[in-house]
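Participant: sequence isn't available, so here's the structure alone:
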Ligand SMILES: NC(=O)c1ccc[n+]([C@@H]2O[C@H](COP(=O)([O-])OP(=O)(O)OC[C@H]3O[C@@H](n4cnc5c(N)ncnc54)[C@H](O)[C@@H]3O)[C@@H](O)[C@H]2O)c1
């Protein structure tokens with residue numbers, strides 16, 4: 001199948017484009033970011049994900065993919081057009097639809113034969129209705145085009161693995177023809193006939209396909225993300241209560257999670273959810289509620305509890321070290337381990353709050369970068385250098401590098417031996433910790 005992926009240098013777009021090419025389709029991956037496109041043609045991925053380097057090289061070598069900035073050529077030369085551009089939130093909390101509007105305007109002047117338009121971006125229901133209305137002014141649905149929603153569920157940090165081993169494929173459409181075409185597109189993945197480097201594991205399990213209408217597909221995505229965010233805010237609140245009443249959150253999570261109705265996934269207390277999706281998608285649900293005059297009390301509460309979590313970490317730091325100019329080291333910048341994505345990262349929020357309060361801040365992350373024009377902020381390339389003369393270290397991301405720290409070495413470097421483990425990853429039984437004040441969440 002001739003496929004184009006618009007937004008093909010982004011997190012979702014790149015994985016989708018490479019995945020499509022490994023399924024045997026001829027893929028044009030298009031993006032407005034010239035630098036990323038040039039790098040992709042030279043086998044340099046714009047993001048860090050396990051196995052992405054080798055998958056990119058492998059696909060480029062197989063010549064079934066090209067990276068370009070020419071979206072018009074991509075639209076005109078493909079039967080199936082996957083849209084995976086960003087849908088970030090604006091500063092006023094509304095969804096910024098400018099990227100999707102730009103793509104719609106390109107579609108409006110370049111449909112030359114039947115195209116299946118596949119929406120992979122997480123788009124509000126109202127926005128999909130607007131795209132449909134605009135296209136229907138010039139083209140006939142069913143004859144010239146169809147629109148399907150095919151939401152993406154990959155987890156950053158496991159994105160390549162997740163593409164090849166999805167829990168489900170959701171297809172929301174209005175015609176049998178459109179749903180059938182997308183099923184055919186996925187057929188090599190479903191039949192386990194993908195061409196990938198050996199290091200990428202493809203399981204042999206059946207992949208459930210959920211066929212439904214457009215708004216249901218979109219609501220499956222929004223509902224899933226809202227539910228995951230809910231679990232995070234919920235367990236953070238339970239951890240806060242545990243801390244106060246002398247309970248141990250690890251035992252509580254184990255005791256709760258063993259009940260199959262509850263489960264233990266997404267039940268680890270931490271600095272709160274971040275990343276490009278959960279907060280944005282909750283905000284979109286709140287906006288949708290406003291649009292249809294529905295109350296979104298629950299979604300708002302999840303968001304509010306998440307904001308509070310970073311403030312609670314700040315309160316903990318202040319209660320230990322309440323002296324302006326003290327040096328705090330933030331360990332981990334990405335919103336979760338195994339990705340370099342710092343969008344909506346709790347670490348970045350905490351760094352800004354600390355600087356505002358007059359602290360000096362060092363940071364270290366094995367992969368992510370966060371720069372800021374502030375004389376009191378420094379990012380280090382070496383973990384132990386970032387701890388030199390520090391008054392307090394705060395573990396914000398659950399990178400493996402932070403699980404086995406050399407406390408003897410750290411003790412010689414830090415000015416005061418205070419560690420806040422906001423991921424509960426340090427073994428409290430480590431005998432080298434005796435010189436340290438160690439705080440974790442929920443106990
Ligand atoms: N990142 C995730 O973990 C994830 C998971 C599931 C769903 N999603 C959803 O997928 C969508 C994309 O997210 P992302 O994280 O990949 O975003 P991203 O910002 O990493 O990627 C978007 C890409 O689109 C490109 N772009 C913007 N306008 C364009 C245009 N007019 N033509 C061509 N390219 C254009 C950008 O340059 C960028 O490379 C969002 O709706 C997001 O909510 C993301």
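Facilitator: Nice, I can see it. These numbers come from a predicted model, not from an experiment.
Participant: where does this structure get nearest to the ligand, which residue?
Facilitator: Using Cβ to the nearest ligand atom, the closest approach of the chain to the ligand is made by residue 10 at 1.9 Å. Backbone N, C-alpha and C define where each C-beta goes, glycine included.
Participant: in this structure that residue contacts residue 83, no?
Facilitator: No. The pair residue 10 / residue 83 is not scored as a contact, 10.9 Å apart, by Cβ atoms under 8 Å.
Participant: how far out from the middle of the chain is the longest helix along the chain?
Facilitator: Scanning the chain for the longest helix, with DSSP state H as the assignment, gives helix 214-245. The chain centre lies 15 Å from the centre of helix 214-245; the measure is Cα atoms, centre = their mean, to the nearest Å.
Participant: just the buried residues of it, please?
Facilitator: Neighbour-count burial for helix 214-245 flags 214, 217-222, 224-226, 228-233, 235-236, 238-240, 242-243 (criterion: 16 or more other Cβ atoms under 10 Å).
Participant: next one: stretch 246-264
Facilitator: Applying a neighbour-count criterion of 16+ other Cβ under 10 Å, one finds 249-250, 252-253 buried in stretch 246-264.
Participant: outside of it, which residues touch it?
Facilitator: By Cβ atoms under 8 Å, 6 or more residues apart in numbering, the residues outside stretch 246-264 that reach it are 235, 238-239, 241-243, 265, 267-269, 424, 441-443.
Participant: report the two of the residues you listed separated the most.
Facilitator: Pairwise distances across the contacts of stretch 246-264 peak at 22.3 Å for 243 and 265 (criterion: Cβ to Cβ).
Participant: around the ligand, pick out the residues from the stretch 1-150 of the chain.
Facilitator: Proximity of the stretch 1-150 of the chain to the ligand, by Cβ under 6 Å from any ligand atom, involves residues 6-7, 9-13, 30-33, 71, 84-87, 99, 102-103, 121-122.
Participant: give me the buried entries from those.
Facilitator: 6-7, 9-13, 30-31, 71, 84-87, 99, 103, 121-122.
Participant: name the next helix or strand downstream of the longest helix of the chain, please.
Facilitator: helix 249-257 (DSSP states H and E).
Participant: quick check: mean pLDDT of that next one?
Facilitator: For helix 249-257, mean pLDDT is 97.
Participant: next SSE downstream of it?
Facilitator: Next element after helix 249-257 (DSSP H and E): helix 278-291.
Participant: can you give me the buried ones in that following helix?
Facilitator: 278-289.
Participant: name the SS class of the nearest residue to residue 46 once chain neighbours are set aside, please.
Facilitator: Residue nearest to residue 46 in three dimensions, not counting chain neighbours: residue 36, with 4.4 Å by Cβ to Cβ, 6 or more residues apart in numbering. With DSSP: H, G, I helix; E, B strand; the rest coil as the basis, residue 36 sits in helix.
Participant: beta partners for residue 80?
Facilitator: Under DSSP bridges, the beta-bridge partners of residue 80 are residue 3, residue 116.
Participant: stretch 102-119: which residues count as buried?
Facilitator: Under 16+ other Cβ under 10 Å, the buried positions of stretch 102-119 are 103-104, 106-107, 111, 115-119.
Participant: strands - which of the residues you listed land there?
Facilitator: 115-119 (DSSP state E).
Participant: quick one: the strands in this structure?
Facilitator: Under DSSP E, the chain gives strands at 2-6, 26-30, 65-68, 80-83, 115-119, 145-149, 169-172, 209-212, 327-331, 360-364, 377-380, 392-395, 418-421, 437-440.
Participant: each with direction, which strands does the second one pair with?
Facilitator: To tie it back to what came earlier, the one meant is strand 26-30. With DSSP bridges as the test, strand 26-30 is paired with strand 2-6 (parallel), strand 65-68 (parallel).
Participant: need the winner for burial among those.
Facilitator: Among these, strand 2-6 has the highest mean neighbour count (mean count of other Cβ atoms under 10 Å), at a mean of 26.
Participant: contact partners of that strand?
Facilitator: Applying Cβ under 8 Å, 6+ apart, the contact partners of strand 2-6 are 13, 16-17, 20, 25-31, 71, 74-75, 77-85, 103, 106, 185.
Participant: before we move on, the earlier item: show me the two of the buried residues of stretch 246-264 that sit farthest apart.
Facilitator: 250 and 252 (7.3 Å).
Participant: where does the stretch 151-300 of the chain dip in pLDDT?
Facilitator: Along the stretch 151-300 of the chain, no part satisfies pLDDT under 70.
Participant: and it, which residues reach the ligand?
Facilitator: By Cβ under 6 Å from any ligand atom, the residues of the stretch 151-300 of the chain that approach the ligand are 152, 154, 156, 276-277.
Participant: change it to 5 Å
Facilitator: 152, 156, 276 (Cβ under 5 Å from any ligand atom).
Participant: buried ones from these, can you make that a ChimeraX selection?
Facilitator: Restricted to buried positions by 16+ other Cβ under 10 Å, the ChimeraX selection for those reads:
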select :152,156,276
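Participant: just the closest of the residues of the stretch 151-300 of the chain next to the ligand to residue 371, please.
Facilitator: residue 276 (18.8 Å).
Participant: for the closest one, which non-adjacent residue is closest in space?
Facilitator: Closest residue to residue 276 apart from its sequence neighbours, by Cβ to Cβ, 6+ apart: residue 343 at 4.5 Å.
Participant: can you pull the contacts of that neighbour?
Facilitator: The neighbours of residue 343, taking Cβ under 8 Å, 6+ apart as the test, are 274-276, 335.
Participant: cool, and residue 285?
Facilitator: Contacts of residue 285 were listed using Cβ under 8 Å, 6+ apart, and they are 222, 226, 296, 299.
Participant: and for residue 412?
Facilitator: With contacts defined as Cβ under 8 Å, 6+ apart, residue 412 has no neighbours.
Participant: next: the one 4 residues further on.
Facilitator: Residue 416 is in contact with 321, 391-392, counting by Cβ under 8 Å, 6+ apart.
Participant: which pLDDT does the model give it?
Facilitator: At residue 416, pLDDT is 95.
Participant: quick one on the thing from earlier: what's the closest of the residues of the stretch 151-300 of the chain next to the ligand to residue 387?
Facilitator: residue 156 (26.7 Å).
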